[in-house]
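In: sequence and predicted model, in that order:
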Amino acid sequence: MFDYFDALLLARIQFAFTISFHFIFPSFSIGLASYLAVLEGLWLKTGKTLYLDLFRYWLKIFAITFAMGVVSGIVMSYQFGTNWSVFSDRTGPILGPLMAYEVLTAFFLEAGFLGVMLFGMERVGKRLHFTATLMVAFGTLMSATWILSVNSWMQTPVGFEMGVNGQFMPGPSWLDIIFNPSFPYRLFHTVNAAFLTTAFVVGGVGAWHLLKDRGNLHARKMFSMAMWMAAIVAPIQIVAGDLHGLNTLQHQPQKVMAMEGHFDSHPDGAPLILFGIPNSAEKRVDYKIEIPKASSLILKHDLNAPMAGLDTIPDNEEPPVGTVFWSFRIMVGIGFAMLGIGLWSLWARWRKSLYSSKGLHRAAMIMGPSGFVAVIAGWITTEVGRQPYVVYNLMRTSEAASPLDAPAVAASLLAFIIVYFAVFGVGVWYILRLMGHAPHVGEAGIKSGDTGPIRTAGITPGPTQNPGHVQPLPASKEDV
């Protein structure tokens, strides 16, 4: 076995496996925290208890998702010191402070207010509790900001000086490092993806309950809010993706070449290859379906604009074309499917069939997990497209790994696979179980006796001073 998988490949597989698991949870918790803030804000503004019921419904799911994101992130970070110690040593003077800022600002903010958000509904005033919810939502966005700044610097490194030991040392301005050329585009694109991921999960859950009970007012409200989000954010995300692609073409042209499948240069306009099978050995795309000159039109806004291909790049500089080519198409395809659902919902809303269209509900339910697939596909496009570098054009991935033997890395990888599927499998099962019960009037919040999501999150609430909940008013049509 170890004749085919060396330590470097196993270390890359291990990091890809753990970060893929980790990325699923923040991509949901970032959007869900903001959704919870919106729900609580609407409850305070309108006084409609329907919003409070939905807040309590999704709060339990958020607690588990947040906890699994924290745990998987901590495990992932240890690999920088085990499998990637050379990378940590050389980039530490820059990446270390940025990740410390994430802990000192975002994580402490989230952790500090999370307890109030989870357990403080009957213990503090409404406004203070709403403030805690806003701080948790803001903390998730701040966390994404710092982490994406780190990743973006690795994609477009600027503002550094080379030290005597080959270390990347910060230059005179940290702002150049933090706000590196690809950071604004990557941040906006990723946060939008998190919002869309959450919208389609919420929409899928709402659709599931509408198929079982069309008259459920709570399911109607969550489905309506999710479809508004899809209709508004999906087209924004497509525009953001286009801008991000133009930025990538400027700073990482070979990544775009791999995404487009351009093995050859096109001096008078490059075609847009919709589908095909990249053949890296023969330097071509087999069985391709293409639109002449459309790639030049999209990337340079000129049908006849010349486009360089991978034939201008040395073979040892090329990223794995097949992986990048297909992951990019999966991401884009799901993005346009999301846009289609959003437009369909607008049509159904106009026809006053938003809550009765079983076809739309089934499509939304099928699309429920699509955001997770899209963010993983986008991550693969970004990270694999950067290869063979871990710091673009400056440090190869092969130079960043620790001097470990393959059996040692393989053993830890096997342990991760077993533990992750066992622990996080149970967590996902519990989340699906919570989603499976229909939201209703008087939805219970998180209490001392409701230890499932609390213990999963590693938090033990104290004795509640008011074990009962304020009885909500009966839901009415006005709540919708």
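Out: Received the coordinates, thanks. Numbers count the residues shown, from 1 in each chain.

In: the one helix or strand Ala240 maps to: how far from the chain's middle?
Out: Under the criterion of DSSP states H and E, Ala240 resides in helix 217-251. Counting by Cα atoms, centre = their mean, to the nearest Å, helix 217-251 is centred 13 Å from the centre of its parent chain.

In: pLDDT on it, on average?
Out: With pLDDT averaged residue by residue, helix 217-251 scores 93.

In: how about stretch 102-122?
Out: Rounded mean pLDDT across stretch 102-122 is 83.

In: please compute how far it lies from its chain's middle.
Out: The answer for stretch 102-122 is 21 Å, by Cα atoms, centre = their mean.

In: now it: buried residues?
Out: 102, 106-107, 109-110, 113-114, 116-121 (16 or more other Cβ atoms under 10 Å). (Each C-beta comes from the backbone N, C-alpha and C, glycine too.)

In: tell me the domain ranges of the chain?
Out: Using automatic domain parsing, the domain parsing of the chain gives 7-180+405-480, 221-400.

In: can you put those in CSV and add distance to Val205?
Out: As requested, these are exported to CSV (distance: least, Cβ to Cβ, whole Å):
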stretch, distance to Val205
domain 7-180+405-480, 5
domain 221-400, 7
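
In: and these, which one is worst for confidence?
Out: Among the domains of the chain, domain 7-180+405-480 carries the lowest mean pLDDT, a mean of 81.

In: where exactly do the strands run in the stretch 301-450 of the chain?
Out: 389-391, 395-396 (DSSP state E, counting those that start in this stretch).

In: right, so of those, which gets closest to His437?
Out: Judged by Cβ to Cβ, the one of the strands of the stretch 301-450 of the chain that comes nearest to His437 is strand 389-391, at 44.8 Å.

In: returning to what we had before: what's the closest of the domains of the chain to Phe188?
Out: Among the domains of the chain, domain 221-400 sits nearest to Phe188 (Cβ to Cβ), with 5.3 Å.

In: name the element Val136 belongs to?
Out: Val136 belongs to helix 126-155 when assigned by DSSP H and E.

In: gap between the helix ranked longest in the chain and the chain center?
Out: For the chain, the helix with the greatest residue count under DSSP state H is helix 7-46. Relative to its chain's centre, helix 7-46 lies at 6 Å (Cα atoms, centre = their mean).

In: buried set for that helix?
Out: Buried residues in helix 7-46 (16+ other Cβ under 10 Å): 7-8, 10-15, 18-40, 42-43.

In: ditto for stretch 132-151
Out: For stretch 132-151, a neighbour-count test (16+ other Cβ under 10 Å) marks 132-140, 142-151 as buried.

In: can you tell me what sits against it?
Out: If you take Cβ atoms under 8 Å, 6 or more residues apart in numbering as the criterion, stretch 132-151 is touched by 26, 29-30, 33-34, 36-37, 40, 95, 98-99, 101-102, 105-107, 109-110, 112-114, 116-117, 120, 124, 177-180, 183, 186-187, 190-191, 194, 382.

In: then stretch 296-310?
Out: In contact with stretch 296-310 (Cβ under 8 Å, 6+ apart) are residues 242, 245-246, 249, 253-254, 256-258, 260, 262-270, 272, 283, 293, 295, 318, 321.

In: ends of it, what's the gap?
Out: For stretch 296-310, the first-to-last residue distance is 15 Å (Cα to Cα, to the nearest Å).

In: list the buried residues for it?
Out: Ser296, Leu297, Leu299, Lys300, Ala305, Met307, Ala308, Gly309, Leu310.

In: doesn't Lys288 belong to a helix?
Out: No: the assignment for Lys288, made by DSSP: H, G, I helix; E, B strand; the rest coil, is strand rather than a helix.

In: residues in contact with it?
Out: Listed by Cβ under 8 Å, 6+ apart, the contact set of Lys288 reads Gly261, Ile273, Leu274, Phe275, Gly276, Ile277.

In: which residue is the nearest non-sequential neighbour of the third one?
Out: Leaving aside its sequence neighbours, Leu274 sits nearest to Ile289 (Cβ to Cβ, 6 or more residues apart in numbering; 4.8 Å).

In: since that was my last question, I'll sign off now.
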